[in-house]
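Undergrad: coordinates only, no sequence provided:
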């Protein structure tokens, strides 16, 4: 009976951390998008999601199940409430998210989150309760080991799917896979052959979530190898340790192949840093170990700075792109200019002193094409085309030989910018902070970060509301897009930085609490290892299961926190992240 009670108690945690990441299912939904000029569709337009909405539905069901079990255990006195220091930042983070939601201007979206991500209020509350529940119900190290075993199976399944995608035989895209995902509906994914995305919807998430388990797997393999070398004559130990070592090595190889196929440097960077820290911790001498850690940290910081400095400079910067009664205002490479068009489609341009800018007429007629020649404009960097005459005079600007923007000139002199989805808007200035001249840093993240940082200042304490980054980000910042080479048809729906995204959504209060959760649990793990006397990597053969879970789990959290600098939060990976935090916090307080 006690065995069944333990299984039921652990079941929500197992489902949360091991099953939810595997879910891929086509789910229809509608969203309030009718007033968004940069979005296609209406409020009642049916959208389809394959990777995240189904996960959210199951997460809500698993959390409801966990709530019921928790109160039954509480009422029957089969559980003793723990008091963990982790609960303080968890409570603060929950409060920040709740207040941010209540004060949000987009509560209709903030309830379940923006399109395609679905990390709104309900999702975050589920995260926080499941973190609380995990710490409460994992009473022994064996409980955490059981959950970790199921997570290892999930990693194996995900890696097998990833390898199939790497070799061009995607199991999800097979006939059986498509039927399981969408039934008889015909669907297709936008991923190119050879791209590894597993079941997490984005290649960047693959090494990010795997970074949580890599240190545990490698440490387990190292401990088994050390014991086999130190105790070669123990037959029972030899067979068990050899089996674990072999399984860990196979899993490491599969993880490596998946990381290679994902081609994402952010999560891979986190894995690399965690392994370096693990190797440094194996140094017996404390002084030398600390000096090495400091040197590695300095080297990592210098490497990031070097990558930034050596990143390709923006081709031709576009400082602003405006519309007004006097025409199209544009400034490129520090040279302002106003472009005008009459109703006959004759295009003229003037600099800031009012002098006309010389232009080469490449093509004449109803669709005349002009290339402007002025110091600061590269050849072909700014091309204007006349797209119509009469009451519907249009001018198309080709900026930086790529992105094209269409402007509507009215007879009354008014000018509107036409969005890709048929809306006409006024184009204005957008504030940016940092990364000037390097918007292309880290695959365009420089632009996204520079544009996201000013948003925090609009509501610095409480943010714009959980899951509202997409509707808060200035999607019509066409000047910045032209500089960074981000097409106007691409919706920036994530910050590619979990800390910036948390600050935008939940304010600095939420960000501080989120970082507090990570720091608190890693601090608990460190103190527990110190008190255990088996600090781990320095005494591999003597490490017990608790030391392996604490050391590997804490390093996995550090790896995730590092990789998340270039990745954002997602329901595809956060259950594993918060599940690992819960396990490490619970194991640090467990006796055996």
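TA: Received the coordinates, thanks. Everything quoted here is computed from the prediction, not taken from an experiment.
Undergrad: you'd agree residue 587 is up against residue 144?
TA: Yes. At 4.9 Å, residue 587 counts as touching residue 144 under the criterion of C-beta atoms under 8 Å. Quick note: C-beta positions are derived from backbone N, CA and C, even for glycine.
Undergrad: for those two, list the residues in contact with both.
TA: Listed contacts common to residue 587 and residue 144 are 138, 549; contacts here mean C-beta atoms under 8 Å, 6 or more residues apart in numbering.
Undergrad: for residue 547, give its distance to residue 463.
TA: Note on residue 547: its distance to residue 463, by C-beta to C-beta, to the nearest Å, is 39 Å.
Undergrad: of the two, who's got more company?
TA: The residue with more neighbours, out of residue 547 and residue 463, is residue 463; 32 against 24, by other C-beta atoms under 10 Å.
Undergrad: could I get the pLDDT score of that one?
TA: In this model, residue 463 is scored at 93, pLDDT.
Undergrad: now residue 97
TA: On pLDDT, residue 97 comes in at 96.
Undergrad: burial of it, as a residue count?
TA: Residue 97 sits with 31 neighbouring residues when counted by other C-beta under 10 Å.
Undergrad: wait, what's in contact with it?
TA: Taking C-beta under 8 Å, 6+ apart, we find residue 97 in contact with 121, 124-125, 466, 506, 510.
Undergrad: just the buried residues of those.
TA: Buried subset of the contacts of residue 97 (neighbour count, 16 or more other C-beta atoms under 10 Å): 121, 124-125, 466, 506, 510.
Undergrad: surely residue 557 is in contact with residue 212?
TA: Yes. Shown here, residue 557 and residue 212 form a contact pair, counting by C-beta under 8 Å, at 7.1 Å.
Undergrad: start and end of stretch 482-491, how far apart?
TA: 14 Å (C-alpha to C-alpha, to the nearest Å).
Undergrad: average model confidence for that stretch?
TA: Taken as a whole, stretch 482-491 carries a mean pLDDT of 81.
Undergrad: who's in contact with it?
TA: Residues from elsewhere that reach stretch 482-491, judged by C-beta under 8 Å, 6+ apart: 38-39, 314-318, 321, 399-400, 402-403, 405, 419-420, 439-440, 444, 446-447, 470, 475, 478, 480-481, 492.
Undergrad: now, which of those residues lie within helices?
TA: Judged by DSSP state H, the subset of these located in helices is 444, 446-447, 470, 478, 480-481.
Undergrad: output these as JSON lines; include the columns distance to residue 216 and neighbour count.
TA: Below are these laid out as JSON lines (distance: C-beta to C-beta, whole Å; neighbours: other C-beta atoms under 10 Å):
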{"residue": "444", "distance to residue 216": "33", "neighbour count": "17"}
{"residue": "446", "distance to residue 216": "34", "neighbour count": "22"}
{"residue": "447", "distance to residue 216": "36", "neighbour count": "25"}
{"residue": "470", "distance to residue 216": "34", "neighbour count": "23"}
{"residue": "478", "distance to residue 216": "46", "neighbour count": "24"}
{"residue": "480", "distance to residue 216": "41", "neighbour count": "23"}
{"residue": "481", "distance to residue 216": "41", "neighbour count": "28"}
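Undergrad: phi and psi next, for residue 263.
TA: Main-chain dihedrals, residue 263, degrees, to the nearest 10: phi 50, psi 40.
Undergrad: contact partners for it?
TA: Taking C-beta under 8 Å, 6+ apart, we find residue 263 in contact with 195, 203.
Undergrad: now it: how far from residue 369?
TA: Between residue 263 and residue 369 the distance is 38 Å, computed by C-beta to C-beta.
Undergrad: for the one helix or strand residue 579 maps to, buried residues please.
TA: Using DSSP states H and E, residue 579 falls within helix 574-589. By 16+ other C-beta under 10 Å, the buried positions in helix 574-589 come out as 574-589.
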